[in-house]
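1. sequence plus predicted model, see below.
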Number of protein chains: 2
Amino acid sequence: MPNPLEGVDTSNDPYVIVSSDTHAGLQVGEYREYLDSQFHPQFDEWVLERHNHRRLVEEMNGEYVAKWEGENEEGLRGAYDPVIRDKALDADGIAGEVIFADGDSVSGQESPPFGAGLAAGQITDPALAFAGARAHNRWLEEFCATNPNRRAGVALVPIIHDIEESVKEIQALAGKPGIKGIMVPTMWHDKPSYGHPCYDPIWAACADAGLVVHTHSGEGDWDSYNENIAQFVLEVPFWTHRILWQLLLSGKFDKFPGLRYAVVECGSYWLGDLLWKADTTFGANGKVKKLNSRTKGLMKRLPSEYLGDNVFIGASTMSREEIRRRHVNGIDALMWGTDYPHPEGSWPHTVERLETDFQKVSIEDTRLLLGLNAVKCYDLDLAALTKIAQEVGPTPEKLNQDPTLRTAPGAIREARWWFDDYGMQWPS
Amino acid sequence: MPNPLEGVDTSNDPYVIVSSDTHAGLQVGEYREYLDSQFHPQFDEWVLERHNHRRLVEEMNGEYVAKWEGENEEGLRGAYDPVIRDKALDADGIAGEVIFADGDSVSGQESPPFGAGLAAGQITDPALAFAGARAHNRWLEEFCATNPNRRAGVALVPIIHDIEESVKEIQALAGKPGIKGIMVPTMWHDKPSYGHPCYDPIWAACADAGLVVHTHSGEGDWDSYNENIAQFVLEVPFWTHRILWQLLLSGKFDKFPGLRYAVVECGSYWLGDLLWKADTTFGANGKVKKLNSRTKGLMKRLPSEYLGDNVFIGASTMSREEIRRRHVNGIDALMWGTDYPHPEGSWPHTVERLETDFQKVSIEDTRLLLGLNAVKCYDLDLAALTKIAQEVGPTPEKLNQDPTLRTAPGAIREARWWFDDYGMQWPS
């Protein structure tokens, strides 16, 4: 396994921070001009529904909404205003960003038409799903073109609704400046699951176009929560990272070696244990006594070997524990994200957060987590980002880091303890 | 939080091992006499289907089946023969056992009628679900009565199919010698989820009857696996432990303080992280910024406080890593199990397994994991079990343990690192 830390700059130069999880979107009504006009009647109804939704949110949580929006009034407009956005990124120490839909997660006033963003799986009419996605994609192309070195836009493709249409949309997105990936519905609902061969043309098209496939947290099995949001919060990571295993265990990264996938705003705490289980159960040298040959031969490598190569983790604002677990979870695959402009993330206090949470992390590890892994995943222009970072990025010294601290050469292998525990060979 | 290690015997006396996960069942055809005769026509068809199933398994995995059944011919008959069973338990060092349905997991020849055991959720006709469950329960009562101190039987109650019928069945099971719990379908399918108030009469009846509620691994979302069993294996723990959070987060253990629940053959590796998430997000002193009041007030204690009191983990044959994580996962809640007579477990080599895997574990921790937690969970007769253990149980010395090794007084608190990380108060 190549050492991802080799050659990483350990100087005090500013960090090139790429937020692997930001959001942008127009105010709902403004999407009208980007939407095919035949859908305007449904759109106008939908906008009314969104405004009603806002009233409900204010009734339930008015104090919180007023405080959040009052304190962050200007920065929140960066959801759709590129000049304000760049100012907000600068102030937060961020050089580059990976942009998802739904700029406003508090009251849903910046959702793509018909909920075609984080809630795309819940749309039942394929025509509306594609119309809403295309409206957002048209706007996103314009938005990313305002600063394409800095912005990596993630377009919307509701693949569960129509595979042929999806392939066409992906091919149309290929090569657009600043468009670096697609987001697919997190859940497949009553459609085939993502390991099913019917989706292969989509993965092939993404690999060809160099577009990273994403799922982003947001959906869940609401029918099972009895309006108890705690049930949702505790199991939403499962529903979000489930597709990772669908793709990995069905051998899609062998069938389409250029395919990359990132799971976003889903944390990373669950990852190490599932790599342990997958490596020891389904790896080339693993077996389960009762299982038959159906699992064999689909993957050429151990599951953990796809991390940092085909599989990346948009881990958003990592908890301190997740930072501590960086080597077992994948120092070459984890990507910090601020979740700007959502309140769950680190914005507008990202640098303060990094100052406390990265004190005991080596500079080389920090460079990977905060930016270099995202540069690799999205094939970003590092030179252009470095130029921005020289103006806005915090230095290792600013993060209170020890300049002499180095990651031990065997740290990655030691962290993946199951290779020793199960007598497995470390991949060459 | 009371110290569960206080007063635990650290002498070299033999371990009282209770296997919290064993299986028993008649050969399929033999269930006929326990089944209400009106179901005999469907039963005869079902038995034929089972025999066809065996032929398929032999075609796919014949070599493995022949080897397993050849090497363990006598012990496998312990699935339904109490004399042979006691011999097998003795040889494996086991004093007591918690018995689930489906004695034969290799070719399914000891399943309760209509699949009313581990596959109960897949039955669509409520009448068949209850008929099959009752047939098994009638037999199980007889079987446990052959040695009620040693056997804790878990009866079948297909609660998703009829709540009133379920309550009647639970009340009928109350106080039967050797019947200590019920198993409910692992998945609720198209029925309300287990946090829904409609099931409250069932939890009330179980609390009244002192019967422990169980889910046991076996079901999964097969429609999503595309016949790739790897998908099933990796996510089956989620589907099995999901009910734990349904009950816990909806406050059922506060509403029914006598209610106990155990999740079985689902491992324990996933537990510590979910306790961290639940404690910090939904605990008395936790909050999530955007969440409204819907999560508040349902739980009186921190989620982790219910472990070892209302919630137990039938962790079966723990991996070495799971043994290392015993303090974060719950030294007062984890219960070893052999899975006898299934091949995934430690039978017939349990003592050899313990000899290597428990070398660095203190005697007091070992006593809890191997037996005392199960004695508490199922209210077993410790004196009677100790008498059996004196004949068959391995000693600490036999397990190559260091008699001077003690668990540090602060080990449990230290293992639950999130109390310090998040500045939370340790429960008094």
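-> On my side now, so go ahead. Quantities reported herein were computed from a predicted structural model and do not represent experimental measurements.
2. in space, what's closest to residue A:388 - neighbours in sequence excluded?
-> Residue nearest to residue A:388 in three dimensions, not counting chain neighbours: residue A:95, with 4.3 Å by C-beta to C-beta, 6 or more residues apart in numbering or on different chains. Placement of C-beta: from N, CA and C, glycine included.
3. oh, that last question was meant for residue A:119, not what I typed.
-> That would be residue A:218: by C-beta to C-beta, 6+ apart, it lies 6.5 Å from residue A:119.
4. before we move on, the earlier item: show me the contacts for the residue nearest to residue A:388.
-> Residue A:95 sits next to A:16-18, A:89, A:150, A:371, A:385-386, A:388-389, A:392-393 when contact means C-beta atoms under 8 Å, 6 or more residues apart in numbering or on different chains.
5. among those, which pair sits farthest apart?
-> Based on C-beta to C-beta, the longest span within the contacts of residue A:95 runs between A:89 and A:386 and measures 15.0 Å.
6. re the thing from before, which of the contacts of residue A:95 has the most neighbours?
-> residue A:17 (31 neighbours; other C-beta atoms under 10 Å in any protein chain shown).
7. from chain B, how far out is it?
-> Per C-beta to the nearest C-beta, to the nearest Å, residue A:17 is found 23 Å from chain B.
8. repeat that for residue A:129.
-> Where chain B is concerned, residue A:129 sits at a distance of 20 Å (C-beta to the nearest C-beta).
9. didn't that residue look like it was pressed against residue A:119?
-> No - counting by C-beta atoms under 8 Å, residue A:129 does not reach residue A:119; the two are 10.3 Å apart.
10. who has more neighbours out of these two?
-> residue A:129 (27 against 19).
11. so the more buried one is in which element?
-> Here residue A:129 is covered by helix A:126-145, with elements defined by DSSP states H and E.
12. check which helices and strands that helix sits against.
-> strand A:96-100, strand A:151-156, helix A:163-173, strand A:179-183 (3 or more C-beta pairs under 8 Å, 6 or more residues apart in numbering or on different chains; DSSP states H and E).
13. all strands of the stretch 1-150 of chain A, in order?
-> A:18-23, A:96-100 (DSSP state E, counting those that start in this stretch).
14. next one: the stretch 201-350 of chain A
-> Going by DSSP E, counting those that start in this stretch, the stretch 201-350 of chain A shows strands at A:212-216, A:261-264, A:311-316, A:334-336.
15. right, is the helix or strand following the last one up against chain B?
-> I take that to be strand A:334-336. The helix or strand immediately downstream of strand A:334-336 is helix A:350-357, counting by DSSP H and E. No - no part of helix A:350-357 sits near chain B under the criterion C-beta under 8 Å from any C-beta of the partner chain; the closest distance found is 10.7 Å.
16. tell me the residues of the stretch 51-200 of chain A that contact chain B?
-> Counting by C-beta under 8 Å from any C-beta, the residues of the stretch 51-200 of chain A lying close to chain B are A:60-61, A:64, A:105-106, A:188, A:192-193, A:195-197.
17. may I ask which of the residues you listed has the most neighbours?
-> residue A:195 (24 neighbours).
18. longest helix anywhere in chain A?
-> helix A:40-71 (DSSP state H).
19. still on that earlier bit, give me the neighbour count for the residue nearest to residue A:119.
-> With other C-beta under 10 Å as criterion, residue A:218 counts 25.
20. quick one: the residue in the stretch 51-200 of chain A positioned nearest to chain B from residue B:221, how far?
-> For the stretch 51-200 of chain A, the residue closest to chain B is residue A:193, as judged by C-beta to the nearest C-beta, at 3.8 Å. From residue A:193 across to residue B:221, the span is 8 Å (C-beta to C-beta, to the nearest Å).
21. which residues sit in contact with residue A:345?
-> The neighbours of residue A:345, taking C-beta under 8 Å, 6+ apart as the test, are A:21, A:316-317, A:337-339.
22. those also near chain B: which ones?
-> Among the contacts of residue A:345, chain B is touched by none when using C-beta under 8 Å from any C-beta.
23. go through the residues you listed and name the one nearest residue B:44.
-> Distances from residue B:44 to the contacts of residue A:345, taken by C-beta to C-beta, are shortest for residue A:316, at 57.4 Å.
24. sketch out the low-pLDDT regions of the stretch 201-350 of chain A for me.
-> Applying pLDDT under 70 to the stretch 201-350 of chain A flags residues A:284-297.
25. hey, where'd the helices end up in it?
-> Remark: helices assigned in the stretch 201-350 of chain A by DSSP state H, counting those that start in this stretch are A:229-249, A:252-255, A:271-282, A:320-324, A:326-329, A:350-357.
26. of all those helices, which lies closest to residue B:329?
-> Between residue B:329 and the helices of the stretch 201-350 of chain A, the tightest spacing by C-beta to C-beta is seen for helix A:271-282, at 11.8 Å.
27. and that closest one, anywhere near chain B?
-> Yes - residues of helix A:271-282 are located near chain B by C-beta under 8 Å from any C-beta, namely A:273-274, A:276-278, A:281-282.
28. for residue A:7, what are phi and psi?
-> phi 80, psi 0 (degrees, to the nearest 10).
29. okay, now it: neighbour count?
-> 8.
30. quick one: it and residue B:270, what's the gap?
-> 37 Å.
31. now residue A:357
-> For residue A:357, the distance to residue B:270 - C-beta to C-beta - is 25 Å.
32. residues touching the residue nearest to residue A:242 when sequence neighbours are not counted, list them.
-> Nearest non-adjacent residue to residue A:242, counting by C-beta to C-beta, 6+ apart: residue B:235, 7.0 Å away. Applying C-beta under 8 Å, 6+ apart to residue B:235 gives the contacts A:238, A:242, A:245, B:220-221.
33. give me the buried entries from those.
-> A:238, A:242, A:245, B:220 (16 or more other C-beta atoms under 10 Å in any protein chain shown).
34. I'd like these laid out as JSON lines, including distance to residue B:179.
-> Output for the buried ones among the contacts of residue B:235, formatted as JSON lines (distance: C-beta to C-beta, whole Å):
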{"residue": "A:238", "distance to residue B:179": "34"}
{"residue": "A:242", "distance to residue B:179": "37"}
{"residue": "A:245", "distance to residue B:179": "38"}
{"residue": "B:220", "distance to residue B:179": "28"}
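35. burial check on the closest residue to residue A:77 other than its chain neighbours, number of neighbours?
-> Nearest residue to residue A:77 in three dimensions, chain neighbours excluded: residue A:84, at 5.0 Å (C-beta to C-beta, 6+ apart). By other C-beta under 10 Å, 16 other residues sit near residue A:84.
36. same question, residue A:71
-> 10.
37. in stretch A:26-46, what counts as buried?
-> Using 16+ other C-beta under 10 Å as the burial criterion, the residues of stretch A:26-46 that qualify are A:26-28, A:31-32, A:34-35, A:39, A:42-43, A:46.
38. what residue is smack in the middle of chain A?
-> residue A:264 (2.9 Å; C-alpha atoms, centre = their mean).
39. distance-wise, check the residue nearest to residue A:242 relative to residue A:403.
-> 43 Å.
40. what of residue A:120?
-> 46 Å.
41. between these two, which is the more surrounded one?
-> Between residue A:120 and residue A:403, counting by other C-beta under 10 Å, residue A:120 is the more crowded of the two (29 against 13).
42. wait, the more buried one sits on residue A:129?
-> Yes - contact criterion C-beta under 8 Å: residue A:120 and residue A:129 qualify, at 6.1 Å.
43. overlap in contacts, the two.
-> Counting by C-beta under 8 Å, 6+ apart, the residues touching both residue A:120 and residue A:129 are residue A:158.
44. secondary structure element holding the closest residue to residue A:141 other than its chain neighbours?
-> Counting by C-beta to C-beta, 6+ apart, residue A:176 is the residue found nearest to residue A:141 once chain neighbours are left out, at 5.3 Å. Using DSSP H and E, residue A:176 sits within no helix or strand.
45. burial count for residue A:176?
-> If we define neighbours as other C-beta under 10 Å, then residue A:176 has 18 of them.
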